[in-house]
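Asks: I would like the atomic coordinates for the input below:
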Amino acid sequence: MYTKDVMPSEYNPYYEPFIRKINKETTLVNALIESKDAVVAFFKEIPTEKLSYRYDVDKWTPKEVLMHIIDTERIFSYRAMRFARKDKVDLLGFDQNDYILPSKADSRTMDSLIEEYTAVRNATVVLYKNFDDTMLKEIGSGSGSLMSVRALGFITVGHEIHHVSIIKERYL
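Replies: All right, here's what the predicted structure looks like:
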């Protein structure tokens with residue numbers, strides 16, 4: 001399963017830039033596995049003094065960005081599981097900004113955030129390894145938008161690539 005297999009009708013156009021960020025020669029499961037290693041290595045290399053840095057008022061710190069990546073992956077994996085099981089209920093969305101402050105990401109160590117990220121990603125990999133082609137093509141609705149299981153997987157990877165790029169450009 002490659003990004004070229006995912007049709008534009010399988011996701012909201014908002015997510016197109018995330019899907020385009022993924023190497024077209026990498027399968028979905030490999031993209032999930034390879035990006036995990038890259039994300040972990042990237043966050044481990046951020047200088048300590050930059051972990052709580054905000055480049056502007058009301059912008060997230062790198063720790064909060066990683067927490068956002070974790071939260072989003074959990075929600076997208078949950079949606080993928082429900083859609084794969086043919087659940088046709090329109091799942092509610094979430095306001096990413098409302099999740100950051102209560103997460104208390106800035107009070108945590110980077111090691112604890114990386115540990116949580118790794119656990120979530122490992123669970124996502126196992127989930128996707130066990131979806132067959134029919135399950136991957138299932139389409140459900142979240143936040144009023146149609147989304148396939150496979151699109152959710154690729155968007156998860158593209159989403160973190162997007163945030164790593166922003167940290168590189170604006171924080172480091």
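
Asks: From now on I want contacts and neighbour counts done on CA atoms only, so please keep to that.
Replies: Noted.

Asks: in the chain, what residue sits furthest out from the centroid?
Replies: Distance to the chain centre peaks in the chain at residue 49, reaching 25.2 Å (criterion: Cα atoms, centre = their mean).

Asks: can I assume that residue sits in a helix?
Replies: Yes. According to DSSP: H, G, I helix; E, B strand; the rest coil, residue 49 belongs to a helix.

Asks: And the pLDDT for the spatially closest residue to residue 69 that is not a sequence neighbour?
Replies: Excluding the flanking residues, the one nearest residue 69 by Cα to Cα, 6 or more residues apart in numbering is residue 160, at 6.1 Å. Note for residue 160: predicted pLDDT of 97.

Asks: now swap in residue 15 and tell me
Replies: 95.

Asks: What strand or helix carries the closest residue to it other than its chain neighbours?
Replies: Of all residues not flanking residue 15 in the chain, residue 155 sits nearest, at 6.7 Å (Cα to Cα, 6+ apart). Following DSSP states H and E, the helix or strand that holds residue 155 is helix 149-170.

Asks: Now do the buried residues in that helix.
Replies: Judged by neighbour count (16 or more other Cα atoms under 10 Å), helix 149-170 contains these buried residues: 149-161, 163-164, 167.

Asks: For it, name the packing helices and strands.
Replies: When contacts are defined as 3 or more Cα pairs under 8 Å, 6 or more residues apart in numbering; DSSP states H and E, helix 149-170 packs onto helix 16-20, helix 28-45, helix 62-84, helix 133-137.

Asks: in the last one, what's buried?
Replies: It refers to helix 133-137. For helix 133-137, the neighbour count (16+ other Cα under 10 Å) marks 135, 136, 137 as buried.

Asks: Relative to residue 12, how far out is the first one?
Replies: If I follow you right, that is residue 135. 19 Å (Cα to Cα, to the nearest Å).
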